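Chemist: pasting the structure only:
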């Protein structure tokens with residue numbers, strides 16, 4: 001296991017926030033937490049975050065779970081367990097003794113103080129387990145140590161129109177954060193660039209001594225929720241000890257890939273970005289996590305025999321003239337497409353069997369009658385939706401009609 005650099009991370013511990021339901025993904029996360037969702041043949045969303053930690057040399061991790069953790073727990077142990085000297089699975093309701101579990105992101109770390117103290121950690125890296133991204137954590141940690149910051153926040157430039165979904169900040173030329181606003185209705189733009197804002201990626205590096213003291217005070221406050229963005233970061237910003245880390249650009253001036261796949265549109269587009277090689281993002285598969293690496297020559301994406309710019313035309317056999325059209329469409333593992341179907345801007349959920357007569361993406365009203373259609377035009381198709389459609393469209397034969405047919 002080779003780290004990104006030779007930085008000493010023996011006293012660095014990662015806290016993986018992996019409890020999110022991902023409610024904006026609707027039926028995809030009914031019964032499955034968002035980090036555990038399949039993303040390609042042999043990986044899950046959480047693998048991108050964990051692979052970055054392993055590449056960077058982090059060997060201690062607390063995995064904080066909350067909603068439907070069974071698949072995630074099993075996957076973390078089997079896929080990544082041997083990559084860490086210490087991995088603790090900490091389920092919110094069990095740790096807190098309350099059915100609702102952790103009451104916010106800061107409460108996750110506060111509830112696991114004893115485990116962090118016992119680890120001997122002096123640095124805490126807080127990671128979001130439900131984004132698709134490529135991140136060099138050692139560069140961020142090195143920046144954090146160089147500035148002497150209490151907290152360093154990973155940032156990315158996002159379109160101003162999208163910034164309302166993020167924590168947005170303003171910085172000095174040296175990266176010191178002077179202003180932080182959580183999910184503002186009217187986000188401030190970047191200096192010199194009115195079209196974009198500087199958004200938090202939800203990745204933080206903290207001095208543990210400072211964070212521990214801040215959490216003790218925060219948890220004494222009478223609030224329903226204790227959040228990093230709303231309650232902890234503003235303290236560091238006010239003290240002048242918060243810095244932003246901007247990821248290094250590649251040789252062509254592009255930032256490494258990052259996308260919050262929290263909506264059906266973002267999930268579909270990110271899947272296609274990676275499937276069709278439209279962006280540069282290292283896949284988790286090539287990380288040696290104490291087991292044989294997956295074959296890097298296999299792209300790990302299914303459901304497509306021929307691809308060209310997101311269009312797939314796959315003749316089912318030499319015995320039929322019916323072709324299948326899949327345009328800007330995601331076919332998740334376990335789904336099947338019958339020859340002759342036509343799908344545009346769709347997500348086909350695991351277990352769904354698309355009948356040959358189905359056309360999606362050409363009649364919005366018809367699509368919405370049977371399936372879930374997002375505001376961005378993505379159609380989610382699940383086995384249950386297909387079953388309802390088939391039942392409603394099944395012919396009904398009365399006794400009279402059957403008698404008439406016999407005459």
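Modeler: Cool, the structure landed. These numbers come from a predicted model, not from an experiment.
Chemist: these two touch, right, residue 359 and residue 346?
Modeler: No. Assessed by Cβ atoms under 8 Å, residue 359 is found out of contact with residue 346, at 10.4 Å. Placement of C-beta: from N, CA and C, glycine included.
Chemist: more crowded one of the two?
Modeler: Counted by other Cβ atoms under 10 Å, residue 359 and residue 346 do not tie: residue 346 has more neighbours, with 29 against 14.
Chemist: got a pLDDT number for that one?
Modeler: For residue 346, the pLDDT comes out at 97.
Chemist: ok, residue 226 next?
Modeler: pLDDT recorded at residue 226 is 96.
Chemist: next: residue 51.
Modeler: Residue 51 is assigned a pLDDT of 95 by the prediction.
Chemist: so it is in which element?
Modeler: Using DSSP states H and E, residue 51 falls within helix 45-56.
Chemist: which strands and helices lie in contact with that helix?
Modeler: The contact analysis (3 or more Cβ pairs under 8 Å, 6 or more residues apart in numbering; DSSP states H and E) places helix 45-56 against strand 12-17, strand 123-128, strand 131-133, helix 137-147.
Chemist: strand partners (parallel or antiparallel) of the third one?
Modeler: What that stands for is strand 131-133. Using DSSP bridges, the strands paired with strand 131-133 are strand 258-260 (antiparallel).
Chemist: just the strands in the stretch 51-200 of the chain please.
Modeler: Remark: strands assigned in the stretch 51-200 of the chain by DSSP state E, counting those that start in this stretch are 60-65, 86-91, 123-128, 131-133, 151-159, 167-171, 177-182, 196-207.
Chemist: what's the closest of these to residue 350?
Modeler: Distance to residue 350, taken as Cβ to Cβ, is lowest for strand 131-133 among the strands of the stretch 51-200 of the chain, at 18.2 Å.
Chemist: quick check: mean pLDDT across that closest one?
Modeler: Taken as a whole, strand 131-133 has an average pLDDT of 94.
Chemist: ok, now how distant is residue 195 from residue 247?
Modeler: With distances taken as Cβ to Cβ, to the nearest Å, residue 195 is found 19 Å from residue 247.
Chemist: oh, I was asking about residue 364
Modeler: Distance, residue 364 to residue 247, by Cβ to Cβ: 38 Å.
Chemist: then residue 188?
Modeler: 21 Å.
Chemist: got any ranges where the stretch 201-350 of the chain has weak pLDDT?
Modeler: 248-253, 286, 288-322 (pLDDT under 70).
Chemist: let's see it at 90
Modeler: Applying pLDDT under 90 to the stretch 201-350 of the chain flags the ranges 246-256, 260, 275-283, 285-326.
Chemist: can you give me the strands for it?
Modeler: Here the stretch 201-350 of the chain has its strands, by DSSP E, counting those that start in this stretch, at 242-246, 258-260, 311-314, 324-327, 330-331, 336-337, 342-344, 346-348.
Chemist: ranking those by burial, who's on top?
Modeler: With neighbours defined as mean count of other Cβ atoms under 10 Å, those peak in mean count at strand 346-348, which reaches a mean of 28.
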